[in-house]
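Peer 1: here you go, sequence then predicted model.
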Amino acid sequence: MLVPATAAEDAMTARTFSTIAGVIFMLLAVAQLTRALSGWDVAIGATHVPIWASYVIGLVAATLGWLGFTARTR
């Protein structure tokens, strides 16, 4: 028999949220930097995304991931 969870049990804590956000942003950073270092071409429709954009996005994502991991310790 399933017992209904209380609101406190269902709520995501700030620590859990920060950890999940940190992991997602770090995965995005790794993917973008891998794309940039490997030189993979990316096209959205007829527009090609330049390699330098992946460096910028990778750096921003890594920074947000780091902030996510450091926010969970506060």
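Peer 2: Nice, thanks for sending it over.
Peer 1: and residue 48, that's in a helix?
Peer 2: No. Under DSSP: H, G, I helix; E, B strand; the rest coil, residue 48 sits outside any helix and is assigned strand.
Peer 1: tell me the bridge partners for it.
Peer 2: residue 43 (DSSP bridges).
Peer 1: neighbours of it, how many?
Peer 2: 10 (other CB atoms under 10 Å). Glycine gets a C-beta too; all of them are placed from N, C-alpha and C.
Peer 1: next one: it relative to residue 54, how far apart?
Peer 2: Distance, residue 48 to residue 54, by CB to CB, to the nearest Å: 12 Å.
Peer 1: what's the overlap in contacts for the two?
Peer 2: Listed contacts common to residue 48 and residue 54 are residue 42; contacts here mean CB atoms under 8 Å, 6 or more residues apart in numbering.
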